[in-house]
Structure formats: C-alpha cells, structure tokens
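Undergrad: Next come a sequence and a model predicted from it.
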Amino acid sequence: MKHILVVDDAATVRLYHRNILESAGYEVDEAVNGIEAMEKALQTPFDLYVVDINMPKLDGYGFLREIRSQDITQVPAIMVSTEAESNDRQRAYRSGANLYLIKPVKPEGLLTYIRLLLGVSTHIRPHLSNDKAIDR
C-alpha cells in the first residue's frame, strides 16, 4: 500500500485529503507544518507528499527544499495551494515540487495526478477541466 504524507496547517484540508486518499486505498499520515513533516519524513519512508504552502514554523517551500537536501529516497511532491500567481508556481518548482495544483482540487483530479506520479495505472480517465493543474 502506498504511503502519503499530507502537510497542511488546516485540519479541514487534512481531513479532506485523508478521506479522498484513504477511500482510494492509500495509507495516509498528516503533519501540521513543515517541521513536523520533516520529522516524520526522516523517520518513515513515504511514497508521495501533498504539501500546502502557507504554514507556521516552516512553510511548504521550506519543507520541500529541506527534504530535497536530505540523503533519503526522494519521492514526488504535489504542492496544493490557494496561491495562484506565476511566481508561486515557479517558486514551488524551484523548491522541489513535481506538480502544482490550485485549491480547490476535485477528488478525481487529485487521484489522477497522484496515480500518474506514483506510476499506478488507472482505467478511469476522469474529466479534469475544472482542476487547475499548472505544469512546468
């Protein structure tokens, strides 16, 4: 079972992502900021990170920069945020994100991107026109 770390300071957002991911068969762990996420990522191997930008103590950019500098197996990271400016997207990619999504992200859209990043095949091709994925 693939193990995903959801990093967001908003409990409702963590619960939203947890429900989507667990219903799709993923094991989910949570962190409320980048520092807690670092602690968990250094102790437990994850297959993917879903990370918010704006958090106290250590934001999503800082978490990704730190985790990318560690001597651990590197896994994909999706940055999910309300920040929609081009410089936010560029900063996310420079920090180590593999994909940048703008909230709100529909469940099937999120799962499709996660499956792609994890290399998990899917036979369902959902309609993604309302999700705002921003590619590199």
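TA: Alright, I've got the coordinates.
Undergrad: going forward, measure contacts and count neighbours with C-alpha atoms only.
TA: Will do.
Undergrad: Asn33 touches Leu5, doesn't it?
TA: No: Asn33 is beyond contact range of Leu5, at 11.4 Å (criterion: Cα atoms under 8 Å).
Undergrad: Quick check: phi and psi on the spatially most central residue of the chain?
TA: The centroid of the chain falls nearest to Val50 when counting by Cα atoms, centre = their mean (1.5 Å). Here is the backbone geometry of Val50 (degrees, to the nearest 10): phi -120, psi 120.
Undergrad: swap in the one 5 residues further on?
TA: Its backbone dihedrals place Met55 at phi -140, psi 150, with angles given as degrees, to the nearest 10.
Undergrad: Low-confidence stretches in this structure?
TA: Residue ranges of the chain with pLDDT under 70: 121-136.
Undergrad: picking that back up, for Leu101, see how far away the residue nearest to the centre of the chain is.
TA: 10 Å (Cα to Cα, to the nearest Å).
Undergrad: Pull up the overlap in contacts between those two.
TA: Shared contacts of Val50 and Leu101 (Cα atoms under 8 Å, 6 or more residues apart in numbering): Ile78, Met79, Val80.
Undergrad: Point me to the helix or strand that includes the second one.
TA: The reference is to Met79. Per DSSP states H and E, Met79 falls inside strand 77-81.
Undergrad: What lies in contact with that strand?
TA: 48-54, 60, 64, 92, 96-103.
Undergrad: Let's see that with 6 Å instead.
TA: Residues from elsewhere that reach strand 77-81 (Cα atoms under 6 Å, 6 or more residues apart in numbering): 48-53, 97-103.
Undergrad: Distance from the next helix or strand after that strand to the middle of the chain?
TA: Going down the chain from strand 77-81, the next helix or strand is helix 86-95, by DSSP H and E. Its chain's C-alpha centre and that of helix 86-95 lie 14 Å apart, by Cα atoms, centre = their mean, to the nearest Å.
Undergrad: Can you list the strands that the helix or strand just after helix 86-95 pairs with?
TA: Following helix 86-95 in sequence order, the next helix or strand is strand 99-102 (DSSP H and E). Partners of strand 99-102 in the sheet, by DSSP bridges, are strand 77-81 (parallel), strand 133-134 (antiparallel).
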